[in-house]
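*Asks:* mind folding the following:
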Amino acid sequence: MRAFRVYTSCAAAIVLFNVPMARAASSTSQGKISVTQVQSMLDQAAANATARQVMTAYLAGVGETAGVLMDQAKGKSQASRLSCKRRLALDEALVQAALARANAADNAAETPATPLIVSELLKRAECDIR
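*Replies:* You can find the predicted model right below:
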């Protein structure tokens, strides 16, 4: 099951890089999905079904992977070190807030989006990781 989730996330990333009808910005120089790339797809999603599908696949992979990692951490002997007051929930407002954290001083084209989204996800769920 874990391999399926990894492949799902990888498939979403591959689709994000190769969208024929919706043009995504380039990934980072290290091949990671950039803030610019995600913002581009978000901007196109309302009017472009392909961009919407790409964003859905990418965010589903991010959310599912974050959930799996949380479950794995809770299953270890240090379970008491991880708790969240709310459930993990992804939406457009969360993604926009996460991307906004890559402010004008940062190079959005070289800033990986996924860590920002996961960080915002944990913040909004009020997770305490000690």
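*Asks:* number of residues surrounding residue 109?
*Replies:* A total of 15 residues lie near residue 109 under the criterion other Cβ atoms under 10 Å. C-beta: built from backbone N, CA, C; applies to glycine.
*Asks:* let me fix that, I meant to ask about residue 88.
*Replies:* Neighbours of residue 88 under the rule other Cβ under 10 Å: 17.
*Asks:* can you tell me, leaving aside adjacent residues, what's nearest to it?
*Replies:* Spatial nearest neighbour of residue 88, excluding adjacent residues (Cβ to Cβ, 6 or more residues apart in numbering): residue 125 at 5.1 Å.
*Asks:* mind checking which helix or strand the nearest residue to residue 110 once chain neighbours are set aside is in?
*Replies:* Leaving aside its sequence neighbours, residue 110 sits nearest to residue 28 (Cβ to Cβ, 6+ apart; 5.1 Å). Assigned by DSSP states H and E, residue 28 belongs to neither a helix nor a strand.
*Asks:* pretty sure residue 28 contacts residue 111?
*Replies:* Yes - counting by Cβ atoms under 8 Å, residue 28 does reach residue 111; the two are 7.4 Å apart.
*Asks:* which neighbours do the two share?
*Replies:* Listed as contacting both residue 28 and residue 111 by Cβ atoms under 8 Å, 6 or more residues apart in numbering are residue 34.
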